[in-house]
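1. the sequence isn't on hand, but the structure is:
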């Protein structure tokens with residue numbers, strides 16, 4: 001059986017590669033849509049389509065991964081994500097952008113749980129007593145590193161390219177599509193099958209599809225009956241509202257500060273690069289945050305959510321430098337929270353239901369995102385981006401309150417301590 005260190009290295013590397021294309025497209029997607037005539041409310045509708053599709057497919061795709069195996073589901077996810085990115089480059093109205101985002105949403109739903117579930121199961125197969133929290137923390141850092149590098153490239157490419165208008169905004173998305181294909185190949189080579197899974201081919205797919213509803217049903221029953229899992233899902237929903245709203249308001253706010261779409265993309269690319277780098281640091285700080293909270297994931301998550309709320313509330317008070325600094329503070333705090341909350345979740349579910357439970361958490365994230373892209377986007381259009389940022393800060397205050405209710409789960413989650421002598425991935 002592959003050792004814990006080898007599995008962790010694969011997980012961290014694949015995580016970085018998965019999020020690199022997302023980082024590339026993040027600074028320019030909203031601005032591309034805006035340059036092609038979509039209003040903030042229109043863009044909110046497009047994002048709502050994304051959230052709705054993910055919401056509908058999260059549990060079925062998680063069940064499919066638990067029943068069929070993680071590798072084929074991850075490969076399909078990458079192919080659909082690539083198709084969605086290519087569709088974005090040619091979209092020119094609300095319907096076309098919605099279709100492109102729907103393709104990306106199916107890819108997202110397929111990928112939301114399987115890789116992490118594979119990692120946890122592979123580690124416990126190699127060493128049943130191994131603590132998965134350090135690996136989750138390093139993967140969070142890799143997540144931030146991939147997004148950071150992608151955001152730098154995605155924000156600067158339109159500024160450096162010859163030309164103007166939406167033609168240059170397409171370049172980062174084309175590069176993202178190419179790297180998404182590379183990610184598919186890496187998954188096919190590095191994600192080793194685990195346990196007794198169906199064989200390959202059409203028969204395996206049919207068996208996986210038949211088994212998926214039962215897995216979903218059993219996991220849904222577990223989640224609805226477990227108070228701590230319900231709280232983890234509530235946290236996920238609120239954070240979904242926060243993230244989707246910031247992804248919508250951030251580039252529009254940057255463009256408003258600079259007075260130009262291309263300069264706004266460059267500024268927001270740098271802002272997001274700094275934010276994603278900060279998120280990588282924040283993920284590595286999760287063990288220290290838990291120690292500072294005397295071993296309590298609940299208290300640590302609540303304090304960090306309060307820090308994020310103060311940062312977001314102050315965004316409208318300054319210019320581009322303030323925007324970058326405060327986004328970085330929020331992303332640091334948010335990334336430090338997630339390994340703590342995930343450790344509680346993994347302490348409550350076992351193999352065979354893990355991918356579905358993670359998909360349930362991602363589903364809750366998308367439910368919150370749907371509310372953000374529909375409700376808070378319209379609030380921002382009517383009352384200004386400043387009001388939108390204040391609403392986001394209010395959502396983070398609720399995150400802190402809900403997180404405090406996870407205190408009894410601290411005993412079921414292994415302490416997030418780094419392995420002696422281990423060097424965290426950048």
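-> Ah, there it is. Since the structure is predicted, the reported quantities are computational estimates derived from the model, not experimental observations.
2. CA only for contacts and neighbour counts going forward, please
-> Will do.
3. where in the stretch 201-350 of the chain is pLDDT low?
-> Scanning the stretch 201-350 of the chain for pLDDT under 70 picks out the ranges 201-212, 214-220, 222-223, 350.
4. now the helices for it?
-> For the stretch 201-350 of the chain, applying DSSP state H, counting those that start in this stretch gives helices covering 202-225, 227-258, 261-284, 286-292, 297-313, 320-346.
5. for stretch 133-144, give the mean pLDDT please.
-> Mean pLDDT, stretch 133-144: 80.
6. swap in stretch 179-198?
-> 82.
7. ok, which of the helices of the stretch 201-350 of the chain comes nearest residue 28?
-> Taking Cα to Cα, helix 261-284 is the member of these nearest to residue 28, at 6.0 Å.
8. if we can go back for a sec, could I get the helices of the stretch 201-350 of the chain as CSV with mean neighbour count and distance to residue 191?
-> Listed next are the helices of the stretch 201-350 of the chain as CSV, based on neighbours: other Cα atoms under 10 Å; distance: least, Cα to Cα, whole Å:
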stretch, mean neighbour count, distance to residue 191
helix 202-225, 16, 17
helix 227-258, 23, 27
helix 261-284, 28, 23
helix 286-292, 21, 26
helix 297-313, 24, 30
helix 320-346, 24, 20
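9. which residues touch residue 263?
-> Residue 263 makes contact with 159, 255 under the criterion Cα atoms under 8 Å, 6 or more residues apart in numbering.
10. now it: how far from residue 378?
-> With distances taken as Cα to Cα, to the nearest Å, residue 263 is found 25 Å from residue 378.
11. next one: residue 4
-> 47 Å.
12. before we move on, what about residue 188?
-> For residue 188 relative to residue 378 (Cα to Cα), the value is 42 Å.
13. which of these two has more residues huddled nearby?
-> A direct count of neighbours by other Cα atoms under 10 Å for residue 188 and residue 378 places residue 378 higher, at 19 against 13.
14. quick check: the more buried one touching residue 41?
-> Yes. Counting by Cα atoms under 8 Å, residue 378 does reach residue 41; the two are 5.9 Å apart.
15. distance between stretch 41-57 and the chain's centre?
-> Offset of stretch 41-57 from its chain centre (Cα atoms, centre = their mean, to the nearest Å): 15 Å.
16. please apply the same query to stretch 181-200.
-> So, by Cα atoms, centre = their mean, the centroid of stretch 181-200 is 21 Å from its chain's centroid.
17. same deal with stretch 323-337?
-> From the chain centre to the centre of stretch 323-337 is a distance of 14 Å (Cα atoms, centre = their mean).
18. for it, which outside residues touch it?
-> 140, 270-272, 274-276, 278-286, 289, 300-301, 304-305, 307-309, 311-312, 314-316.
19. the same query, at a cut-off of 6 Å, please.
-> Applying Cα atoms under 6 Å, 6 or more residues apart in numbering, the contact partners of stretch 323-337 are 271, 275, 278-279, 282-283, 285-286, 301, 304, 308, 311, 315.
20. which of those sits closest to residue 345?
-> Checking the contacts of stretch 323-337 one by one against residue 345 (Cα to Cα), the nearest turns out to be residue 301, at 13.7 Å.
21. can you tell me how far the closest one is from residue 333?
-> For residue 301, the distance to residue 333 - Cα to Cα - is 9 Å.
22. and residue 385, by the same measure?
-> Taken as Cα to Cα, the span from residue 385 to residue 333 is 22 Å.
23. try residue 167
-> Taken as Cα to Cα, the span from residue 167 to residue 333 is 36 Å.
24. check residue 21 too.
-> 23 Å.
25. over to residue 246?
-> Noted for residue 246: a distance of 15 Å to residue 333, by Cα to Cα.
26. repeat for residue 389
-> Distance, residue 389 to residue 333, using Cα to Cα: 17 Å.
27. one more: residue 378?
-> 27 Å.
28. ok, residue 138 next?
-> In terms of Cα to Cα, residue 138 sits 15 Å off from residue 333.
29. circling back to that earlier point, nearest to residue 159, of the helices of the stretch 201-350 of the chain?
-> Closest approach to residue 159 among the helices of the stretch 201-350 of the chain is made by helix 261-284 (6.1 Å; Cα to Cα).
30. so how far is the closest one from its chain's centroid?
-> 15 Å.
31. same question, stretch 15-34
-> Using Cα atoms, centre = their mean, the offset of stretch 15-34 from its chain centre is 12 Å.
32. same question for stretch 286-300.
-> 22 Å.
33. could you give the mean pLDDT of stretch 93-103?
-> Averaged across stretch 93-103, the pLDDT comes to 94.
34. contacts only, for residue 172.
-> Counting by Cα under 6 Å, 6+ apart, residue 172 has contacts 24, 154.
35. name the element residue 152 belongs to?
-> Take DSSP states H and E as the rule and residue 152 turns out to sit in helix 133-160.
36. continuing past that helix, what's the next helix or strand?
-> Trace forward from helix 133-160 with DSSP H and E and the next one is helix 166-169.
37. please identify the buried residues of that next one?
-> 166, 168, 169 (16 or more other Cα atoms under 10 Å).
38. closest to residue 231 out of the residues you listed?
-> residue 169 (39.7 Å).
39. quick check: that closest one touching residue 157?
-> No. The pair residue 169 / residue 157 is not scored as a contact, 8.0 Å apart, by Cα atoms under 6 Å.
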